[in-house]
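Novice: turn this into a model:
(one chain, ligands or ions: 1)
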Amino acid sequence: MSVSHEAFLSLLKSVASDTETMLSELLAQAPAAGERDRPARLLEAMRYSSLSGGKRIRPLLVVASGDLFGVPRRRSLMAGAALELIHCYSLVHDDLPAMDNDDMRRGRPTTHKAFDEATAILAGDGLLTLAFDVATRPAVHPEAEVRVTLVGALARAAGVGGMVGGQLLDLDAEGRFADGKPRALDEAAIGALQAMKTGALLQFACAAGAILGKASAAERDALDRYGASVGKAFQISDDLLDVEGDSAALGKAAGKDAAAGKATLVGILGVETARARLKGLVSEAGAALAPFGERAQTLVETARFVAERGK
Ligand code: GRG
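Specialist: Coordinates of the predicted model:
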């Protein structure tokens, strides 16, 4: 194992643990100023959905990109926690019977199975809303203008033109709103759908470090290109896991994409070509980081980790 890979794993571990602590504090029983009460059942479902699990890749990307600009760790972690709340909400809603209808997530029953559907919907809503509360707090950045830029970017990544829009396109491709028959999408259409559904939040994670660090336009652009490549790599690697992984190791059902007739790049390209594409994306991600030189080693390792997590 290379030194940089060891350092990467240790950073991933510490970011995951700090994020866990921060999320647990944000989801404490005591209401925050301006809140009236935090109903116990809702809070319990929100904690269940966001604590004890998850690789915390998105917060890691915020920290690693923020580190390039000397962003204090606590600020990156707060922004990362806001992003993770949105990611966790998306998983809760994605698992619902009306969406992917999954029973297991992160090795245990999905939120609607552990509680009930109405509570799961509200827990997702609560996590999403809390994310924006957190992102506007001065602990993220003392300057309101920086926070406004961050919140705007987060909303656009998560909303109609990002993750939520991508989810709709995905369901549409499954034939959910028409005749029930999956629609064959070409490679470009799958890429566009995935860039919205999963890529947008990952790309935002990289942009967040640049926003908090007041990066130049050129630096921001380099991180955008890196984030886009990592987003694509993440999706291909996730699709490969669905094809090749076993459910116990995955912590959720495997083989669901093919069963649902989901349009994936692995389905179009085949496993071998998809693996080659993945390799190319890791190189592309590394090349985008050239302006940062050795300082970007953690981000280079992150791209590798994302691509290789199925192995
Ligand atoms: C329901 C609004 C709404 C959106 C759902 C992101 C998404 C859109 C659905 C998630 C379904 C899914 C499995 C997508 C593939 C990529 C993905 C987001 C995988 C899970 O992310 P990880 O691996 O999960 O980072 P952990 O558990 O480590 O946090």
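Novice: out of everything not next to it in sequence, what's closest to residue 90?
Specialist: Among residues not flanking residue 90 along the chain, residue 163 sits closest, at 6.0 Å (C-beta to C-beta, 6 or more residues apart in numbering). Using the backbone N, CA and C atoms, a C-beta is placed for each residue, glycine as well.
Novice: ok now do the one you found, which residues does it touch?
Specialist: Listed by C-beta atoms under 8 Å, 6 or more residues apart in numbering, the contact set of residue 163 reads 86, 90, 157, 196, 197, 198, 200, 201.
Novice: on the three-state scheme, the closest residue to residue 218 other than its chain neighbours is what?
Specialist: Take residue 218 and drop its neighbours on the chain: the residue closest to it by C-beta to C-beta, 6+ apart is residue 291, 6.9 Å away. Classification of residue 291 using DSSP: H, G, I helix; E, B strand; the rest coil returns helix.
Novice: okay, now residue 291: neighbour count?
Specialist: 14 (other C-beta atoms under 10 Å).
Novice: in this structure residue 265 contacts residue 192, no?
Specialist: No: with contact defined as C-beta atoms under 8 Å, residue 265 does not count as touching residue 192 (11.7 Å).
Novice: the more surrounded of those two?
Specialist: Per other C-beta under 10 Å, whichever of residue 265 and residue 192 has more neighbours is residue 265, with 21 against 15.
Novice: tell me who's in contact with that one.
Specialist: Contact analysis of residue 265 by C-beta under 8 Å, 6+ apart lists 187, 190, 191, 194, 235, 236, 239, 274, 277.
Novice: also residue 307?
Specialist: Counting by C-beta under 8 Å, 6+ apart, residue 307 has contacts 233, 236, 237, 278, 279, 281, 282.
Novice: would you agree the fourth one falls within a helix?
Specialist: Yes: under three-state DSSP, residue 278 sits within a helix.
Novice: which stretches of the stretch 201-311 of the chain have low pLDDT?
Specialist: 246-250, 254, 310-311 (pLDDT under 70).
Novice: and it, which of its residues are near the ligand?
Specialist: Contacts of the stretch 201-311 of the chain with the ligand, taken as C-beta under 6 Å from any ligand atom, map to residue 238.
Novice: minimum distance to the ligand, which residue of the stretch 201-311 of the chain gives it?
Specialist: Here the stretch 201-311 of the chain gets closest to the ligand at one residue, residue 238, 4.5 Å apart by C-beta to the nearest ligand atom.
Novice: that residue reaches residue 197, doesn't it?
Specialist: No: counting by C-beta under 8 Å, residue 238 does not reach residue 197; the two are 10.5 Å apart.
Novice: so the two - more neighbours on which side?
Specialist: Taking other C-beta under 10 Å, residue 238 and residue 197 do not tie; residue 197 has more neighbours (22 against 19).
Novice: for that one, which non-adjacent residue is closest in space?
Specialist: Once flanking residues are discounted, residue 197 sits nearest to residue 166: 2.9 Å by C-beta to C-beta, 6+ apart.
Novice: looks to me like the one you found is in a strand.
Specialist: No: per three-state DSSP, residue 166 lies outside any strand segment and is helix.
Novice: burial count for it?
Specialist: 21.
Novice: residues in contact with it?
Specialist: Contacts of residue 166 were listed using C-beta under 8 Å, 6+ apart, and they are 193, 194, 195, 196, 197, 198, 200.
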